[in-house]
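**Student:** structure of the sequence below:
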Amino acid sequence: MKKTFILFCVIGIFSLISCSQETIISKKDLPSEIKSYVDTHFPDQAILQSVKDKEGLTLSYEITLDNLTELEFNRKSEIIKIEGKNKLPDSVIPQKLLNYVNNNYSDNFITEWELDDRNQQIQLDNGLELEFKMDGNFLRIDN
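**Tutor:** Numbering: from 1, shown residues only. Presented below is the predicted three-dimensional model:
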């Protein structure tokens, strides 16, 4: 009986942790840092949709702009991902990455940027994906 109870408790905990809850929120309910980021770097774009995403113990905010650029922020309201079809503003790309692209792929522009625990990735308009260390040093072309 005791083992069965413990088993159900463990299953219940894993069920709660693995659940994802997405909630559409209004712009006024976004953290001020996120609103400021959008206003600073995308002044000509309006927010179409804001989603607060709770997945287990992880919280993120997903923003869609009216030019269909998608922004993702972590629980600290720090930008971690930007995806678009058009050229991203230079102001959202770390300078070292921007310099690398300008020097090596001058005919292309950056359409996506992503930050993970160890590296940064960008995608160019030709579909090429480049990976960089956190300090901005080039690592490799990502296939």
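**Student:** was I right about Thr58 contacting Arg75?
**Tutor:** Yes - between Thr58 and Arg75 a contact is recorded at 7.2 Å, counting by C-beta atoms under 8 Å. From N, CA and C alone the C-beta is placed, and that goes for glycine too.
**Student:** so which residue is smack in the middle of this structure?
**Tutor:** Nearest residue to the geometric centre of the chain (C-alpha atoms, centre = their mean): Lys81, 2.2 Å.
**Student:** contact partners for that residue?
**Tutor:** Contacts for Lys81 were tallied using C-beta atoms under 8 Å, 6 or more residues apart in numbering; they are 70-72, 112-115.
**Student:** now with 7 Å, please.
**Tutor:** Taking C-beta atoms under 7 Å, 6 or more residues apart in numbering as the definition of contact, the neighbours of Lys81 are 72, 114.
**Student:** just give the nearest non-adjacent residue to Ala46, would you?
**Tutor:** Distances taken as C-beta to C-beta, 6 or more residues apart in numbering place Asp66 nearest to Ala46, at 4.6 Å, with adjacent residues excluded.
**Student:** tell me how far that neighbour lies from Leu30.
**Tutor:** Between Asp66 and Leu30 the distance is 16 Å, computed by C-beta to C-beta, to the nearest Å.
**Student:** who has more neighbours out of the two?
**Tutor:** Under the neighbour definition other C-beta atoms under 10 Å, Asp66 and Leu30 were set side by side, and Leu30 has more, 20 against 12.
**Student:** phi, psi of the more buried one?
**Tutor:** phi -70, psi 150 (degrees, to the nearest 10).
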